[in-house]
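Asker: Following is a predicted model, sequence given first.
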Amino acid sequence: MKHKHNAGYSLVETVVAIAILAIIVTPVSTGMVLAFKMNAKTEQLMQAELAVSSAVETLMAEGFTEANTDYAAARFDNVTVKTSKENEDDPYYKVEVTSDEAEGLVVTTYIRAEEGE
């Protein structure tokens, strides 16, 4: 009696193995791509938040006058600074700092005018 031993894999076994591997790898790779995109977006948002908060903190620390409004607005990269006063007797400026990179990131605060203004 002769026994026939087939060494190796058949074509059907190879195709089934590749199909199973594709079913497993596709969702995992899709999830990784999505995670990388979210990570990049989060990094961009964090940088925008840092730029906006840095601008607000600097404006608050240095004081604010009508004379340095344009200087303050031009001084910071990637943010837009808008100032206004409710009325002339009000000692506070309404300062709105908007990120140029992250849409919808706006910080509105009130900064007391420097003495003598």
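Answerer: Thanks, I have the structure now. Quick caveat, the model's predicted, so the values are computed rather than measured.
Asker: what pLDDT, on average, does the host helix or strand of Val25 get?
Answerer: Element membership for Val25, per DSSP states H and E: helix 11-62. For helix 11-62, the mean pLDDT works out to 89.
Asker: Which strands or helices does that helix pack on?
Answerer: Secondary-structure packing of helix 11-62 (3 or more CB pairs under 8 Å, 6 or more residues apart in numbering; DSSP states H and E): strand 79-84, strand 92-99, strand 106-112. C-beta: built from backbone N, CA, C; applies to glycine.
Asker: Just give me how far that helix sits from the chain centre.
Answerer: 12 Å (CA atoms, centre = their mean, to the nearest Å).
Asker: what's the burial count for Val56?
Answerer: By the criterion of other CB atoms under 10 Å, Val56 has 20 neighbours.
Asker: wait, isn't it in contact with Thr109?
Answerer: Yes. Here Val56 lies in contact with Thr109, judged by CB atoms under 8 Å, at a distance of 5.8 Å.
Asker: Which residues are in contact with each of the two?
Answerer: Common contacts of Val56 and Thr109 (CB atoms under 8 Å, 6 or more residues apart in numbering): 95, 97.
Asker: circling back: what's the closest of the helices and strands packed on helix 11-62 to Ala19?
Answerer: Evaluated over the helices and strands packed on helix 11-62, closeness to Ala19 peaks at strand 92-99, with 47.1 Å, by CB to CB.
Asker: Show me what the closest one is packed against.
Answerer: Using 3+ CB pairs under 8 Å, 6+ apart, strand 92-99 is in contact with helix 11-62, strand 79-84, strand 106-112.
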